[in-house]
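Chemist: Sequence plus the predicted model coming up.
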Amino acid sequence: MPEGDSVHRAAARVREALAGRTLDRSELRVPRFAAVDLAGRSVVTARSRGKHLFVVVGPDDEGRDPVTLHIHLKMEGRIHVLRAGDRWRFPAHTVRLLLRAGDVEVVGTELGLLRALTPAEADRAVSHLGPDLLSADWDPVTSTDEVVRRISERPTRTIGEALLDQRNLAGIGTVYRAELCFLRGVDPRDPVEVVPDLRAMVTLARRMLVANADRTVRVTTGDTRRGRELWVYGRDGKPCRRCGTEVETFRLGGLADPDEPSDSLDRIAYRCPSCQPRRATLGASPTEENS
């Protein structure tokens with residue numbers, strides 16, 4: 001499931017493969033931008049911002065403006081870096097992006113969003129996002145303070161919804177939400193106002209994503225053995241790794257900003273009833289139901 005760390009790694013792979021190289025083939029297989037041809041232009045860099053991926057392509061020989069490709073993987077999207085000419089191990093009809101430079105090609109399959117923008121448009125596309133947990137510019141004091149401020153602006157909202165809202169902090173998805181709430185002993189249905197030490201929660205979120213930024217498999221338990229990497233995510237009905245209580249799941253959240261391509265905040269949440277006791281008794285929201 002693509003979260004901030006997955007997109008960060010994808011950007012690094014694209015940057016390593018294409019930065020400084022001239023494209024000899026490009027295809028944007030989406031109707032609105034199908035006529036955009038970037039062949040003959042050089043790739044400047046690739047970068048991530050939360051769950052958003054940008055590929056920056058320079059101007060052409062005729063002086064036409066640079067182009068920034070804006071990509072969002074959503075749930076199913078993948079970025080593949082391949083040797084040009086190698087047989088694809090995925091159906092051709094799933095391909096939305098193809099960039100080839102010499103002996104290497106970058107292929108994007110089942111992308112949730114693909115747009116060709118000006119650099120200014122690309123900046124505006126993510127201007128609403130909160131601080132990026134994997135940003136090189138992250139400051140332990142000012143960045144953390146800003147995230148806490150944004151989360152605290154809606155004190156009666158559940159902490160689970162607040163953590164998934166990319167306008168508060170960029171990069172967390174359902175996996176990290178589950179693991180973060182477990183490690184902090186917080187029920188994701190509790191309102192922000194009763195959650196102790198939001199700063200510690202944000203600090204831990206940053207530490208978890210940084211620790212996994214270069215890993216192909218996420219690990220939050222410290223145990224890299226297969227099936228032991230995570231505390232509660234994906235363990236519905238199984239015993240808690242810490243206390244043995246059965247892990248439960250439920251739906252949590254509602255619709256997000258319609259302009260934000262992360263779809264809905266109505267996602268599955270995980271919780272150990274013993275390790276994550278509720279600090280507030282709330283009526284079930286319309287989107288909350290037992291799985």
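Modeler: That came through fine.

Chemist: Could I get the contacting residues of the most centrally placed residue in the chain?
Modeler: Per Cα atoms, centre = their mean, the C-alpha nearest to the average position across the chain is that of residue 3, at 2.8 Å. Residues near residue 3 by Cβ atoms under 8 Å, 6 or more residues apart in numbering: 51, 171-173, 175-176, 209. Yep, even glycine has a C-beta here, placed from its N, CA and C like the rest.

Chemist: Now with 7 Å, please.
Modeler: 51, 171-173, 175-176 (Cβ atoms under 7 Å, 6 or more residues apart in numbering).

Chemist: can you count the residues close to the nearest residue to it once chain neighbours are set aside?
Modeler: Of all residues not flanking residue 3 in the chain, residue 173 sits nearest, at 3.7 Å (Cβ to Cβ, 6 or more residues apart in numbering). By the criterion of other Cβ atoms under 10 Å, residue 173 has 21 neighbours.

Chemist: In this model residue 99 seems to touch residue 18, though I could be wrong.
Modeler: Yes - judged on Cβ atoms under 7 Å, residue 18 makes contact with residue 99 at a distance of 6.4 Å.

Chemist: can you list residues touching both of the two?
Modeler: residue 106.

Chemist: Which pair of the contacts of residue 3 spans the longest distance?
Modeler: Farthest-apart pair in the contacts of residue 3 is 51 and 175; separation 12.3 Å (Cβ to Cβ).

Chemist: who has more neighbours, the two?
Modeler: It is residue 51, of residue 51 and residue 175, that has more neighbours when counted by other Cβ under 10 Å, with 28 against 21.

Chemist: got a list of what the more buried one touches?
Modeler: The neighbourhood of residue 51, defined by Cβ under 7 Å, 6+ apart, consists of 2-4, 7, 72, 166, 171, 262.

Chemist: For residue 218, which non-adjacent residue is spatially closest?
Modeler: residue 212 (5.0 Å).

Chemist: and the one you found, what pLDDT?
Modeler: Note on residue 212: pLDDT of 96.

Chemist: List the contacts of it.
Modeler: Contacts of residue 212 (Cβ under 7 Å, 6+ apart): 5, 218-219.

Chemist: so residue 160 is in which element?
Modeler: Counting by DSSP states H and E, the element that carries residue 160 is helix 159-164.

Chemist: can you list contacts of that helix?
Modeler: Helix 159-164 has contacts (Cβ under 7 Å, 6+ apart) with 151, 154, 168, 172, 177, 180-181, 186, 188-190, 192, 195, 252-253, 265, 267, 269.

Chemist: Helices of the stretch 151-291 of the chain, start to end?
Modeler: 159-164, 174-183, 198-212 (DSSP state H, counting those that start in this stretch).

Chemist: and those helices as CSV, adding distance to residue 65?
Modeler: CSV is the format used below for the helices of the stretch 151-291 of the chain (distance: least, Cβ to Cβ, whole Å):
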stretch, distance to residue 65
helix 159-164, 35
helix 174-183, 37
helix 198-212, 33
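
Chemist: I'd like to know which of the ones you listed lies nearest to residue 241.
Modeler: helix 174-183 (9.2 Å).

Chemist: Just the residues contacting the closest one, thanks.
Modeler: Contact with helix 174-183 is made by 1, 3, 160, 163-164, 188, 201, 204-205, 208-209, 218, 220, 230-233, 267-270, 272, 275-276, as judged by Cβ under 7 Å, 6+ apart.

Chemist: Apply 8 Å and report the result again.
Modeler: Helix 174-183 has contacts (Cβ under 8 Å, 6+ apart) with 1, 3-4, 159-160, 163-164, 172, 187-188, 201, 204-205, 208-209, 218, 220, 230-233, 267-272, 275-276.

Chemist: Taking their axis directions, that helix and helix 198-212 sit at what angle?
Modeler: Counting by axes from the mean of the first three to the mean of the last three Cα atoms, to 10 degrees, helix 174-183 lies at 130 degrees to helix 198-212.

Chemist: pLDDT averaged over helix 174-183 - what is it?
Modeler: 97.

Chemist: any idea how far that helix is from the chain center?
Modeler: In terms of Cα atoms, centre = their mean, to the nearest Å, the centre of helix 174-183 is found 14 Å from the chain centre.

Chemist: Cool, thanks, talk later.
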